[in-house]
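In: sharing a model prediction with you, sequence too.
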Amino acid sequence: MGNSNWSTDAYHARQAYNSSVGSSSFGYTDDVLSSAPRNTWKTHPSLNPKGVGVRESRDSDEHPNSLAISVLFDVTGSMGRVPRILQTKLPDLFGLLLRKGYVEDPQILFGGIGDATCDRAPIQIGQFESGNELEDDLGNILLEGGGGGQATESYELAMYFMARHTSMDCLEKRGRRGYLFIIGDEMAYAAVKEREVRDVIGDDVPGNIPFPRILAELQRSFEVFFIMPTGSHYYNDTRVRGFWDTHLGQNVIYLDDIEAVSETIAVTVGLAEEAIDLEEGLSDLAEAGSNAGAAVGKALRPLSFSRGTVVVAPTPGGLAGTDAGGVDRL
């Protein structure tokens, strides 16, 4: 995956075609909701994590310095707006990453998160892509809109998949962690449940995995951020904020404008890659005609990016996220 190139012209041509025929950019959701009873809803085959070995981010002749960037969003309740916003902002995301030189060869994976206790599509995971195939992955996400109503969703199950079922050249060849952005407004469950791993992903694990353990494993492969946008149901909930502040510290991003998600992701990556400082990032947004600068600036000022060399310990089998190896920023 990830051998193609992003084309803004192709994006706009697709948008124009969809508009001309009255189609949505989320065709799979439209088809499922209009034609199937809820108890038959299921994950699109291209996004089904069950039985997947790894989602790969690989170098190629076209993209010799790939960098894996994953964006997983809660698709329950009010958070169902986020993928639709991301879809309209793809040109902004790629424009900043590529034209402004934040990243040489970004490869982006999109996915959705629900609740494995009650949803038909609890996690949906696309491929790492460098081009307009990302629109297909977004379009195939089922915006189920369910959730359990208990201020918890299955973030930990998605984190398990990303920790143990991804393989990235940026990590394995160059010792650079990828980036994982989770966009949500609730807490994770206290543990990755053995039964849910088996039923949803197809792995056999010897018991439940406590949340702090799977997070630590994930952080060997990814720099993990949690974006909590305003307008979400639990945005002001002190329990939810306390949960993520405790586990991720400054990597929790409180965003005053849900429309600024793409710009926030792009500038965060630019900062972490030391391609820009925050003021340069805000200037780039203004130059691009974006109105997101104020929200992005407020959200990202608490972050500190004093990171240096990344050292990777050998990992048996070459797969990221096992217990035997890891990554530490010095």
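Out: Nice, thanks for sending it over.
In: what does stretch 207-216 contact?
Out: With contact meaning C-beta atoms under 8 Å, 6 or more residues apart in numbering, stretch 207-216 is reached by 156, 159-160, 163, 188-194, 224, 247. (Glycine included, C-beta is placed from N, CA and C.)
In: repeat that with 7 Å
Out: 156, 159-160, 163, 188, 190-194, 247 (C-beta atoms under 7 Å, 6 or more residues apart in numbering).
In: separation between P210 and A286?
Out: Using C-beta to C-beta, to the nearest Å, P210 is found at 44 Å from A286.
In: same check on R195?
Out: In this view, R195 and A286 are 50 Å apart by C-beta to C-beta.
In: which residues in the protein form helices?
Out: With helices called from DSSP state H, the chain shows them at 8-21, 27-35, 81-88, 90-94, 133-139, 155-164, 169-172, 194-196, 211-218, 238-248, 261-272, 278-287, 293-300.
In: list the buried residues in the shortest one.
Out: Translated: helix 194-196. E196 (16 or more other C-beta atoms under 10 Å).
In: may I ask which helix or strand of the chain has the lowest mean pLDDT?
Out: None of the helices or strands of the chain scores lower by mean pLDDT, DSSP states H and E than strand 327-329, at a mean of 37.
In: on that earlier part again, just the buried ones out of the contacts of stretch 207-216, please.
Out: Neighbour counting with 16+ other C-beta under 10 Å marks 156, 159-160, 163, 188, 191-193, 247 as buried within the contacts of stretch 207-216.
In: bridged to the residue positioned nearest the centre of the chain, which residues?
Out: Against the mean C-alpha coordinate of the chain, by C-alpha atoms, centre = their mean, the closest residue is V71 at 1.3 Å. Using DSSP bridges, the bridge partners assigned to V71 are F110, F181.
In: flag the shaky bits of the stretch 101-250 of the chain, pLDDT-wise.
Out: For the stretch 101-250 of the chain, residues meeting the criterion pLDDT under 70 lie at 146-149.
In: could you tell me how many residues sit around the nearest residue to S154 once chain neighbours are set aside?
Out: Closest residue to S154 apart from its sequence neighbours, by C-beta to C-beta, 6 or more residues apart in numbering: A116 at 4.3 Å. Residues near A116, counting by other C-beta atoms under 10 Å, number 24.
In: got it, and R301?
Out: Neighbours around R301, by other C-beta under 10 Å: 9.
In: could you measure from it over to A295?
Out: R301 sits at a distance of 11 Å from A295 (criterion: C-beta to C-beta).
In: please apply the same query to G101.
Out: Distance of G101 to A295, given as C-beta to C-beta: 23 Å.
In: do L93 as well
Out: In this view, L93 and A295 are 15 Å apart by C-beta to C-beta.
In: what do you get for P206?
Out: 44 Å.
In: ok, the two, which is more surrounded?
Out: Looking at P206 and A295 with other C-beta under 10 Å, you find the greater number of neighbours at A295, namely 22 against 6.
In: skipping adjacent residues, who's closest to that one in space?
Out: Nearest in space to A295, with sequence neighbours left out and distances taken as C-beta to C-beta, 6+ apart, is D257 at 3.7 Å.
In: then L278?
Out: Nearest one to L278, counting by C-beta to C-beta, 6+ apart, is L300 at 5.9 Å.
In: any chance of the helices of the chain in JSON lines, with distance to P45 too?
Out: Below are the helices of the chain laid out as JSON lines (distance: least, C-beta to C-beta, whole Å):
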{"stretch": "helix 8-21", "distance to P45": "21"}
{"stretch": "helix 27-35", "distance to P45": "10"}
{"stretch": "helix 81-88", "distance to P45": "18"}
{"stretch": "helix 90-94", "distance to P45": "23"}
{"stretch": "helix 133-139", "distance to P45": "12"}
{"stretch": "helix 155-164", "distance to P45": "16"}
{"stretch": "helix 169-172", "distance to P45": "26"}
{"stretch": "helix 194-196", "distance to P45": "20"}
{"stretch": "helix 211-218", "distance to P45": "25"}
{"stretch": "helix 238-248", "distance to P45": "32"}
{"stretch": "helix 261-272", "distance to P45": "27"}
{"stretch": "helix 278-287", "distance to P45": "37"}
{"stretch": "helix 293-300", "distance to P45": "36"}
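In: out of the ones you listed, which gets nearest to P229?
Out: Closest of the helices of the chain to P229 is helix 261-272, at 6.4 Å (criterion: C-beta to C-beta).
In: not counting that closest one itself, show me its contacts.
Out: With contact meaning C-beta under 7 Å, 6+ apart, helix 261-272 is reached by 69, 71, 82, 85-86, 89, 92-93, 96-97, 102-103, 179, 181, 183, 223, 225, 227, 229, 253, 255, 276, 278, 281, 285, 290, 292, 296, 299-300, 303, 305, 307.
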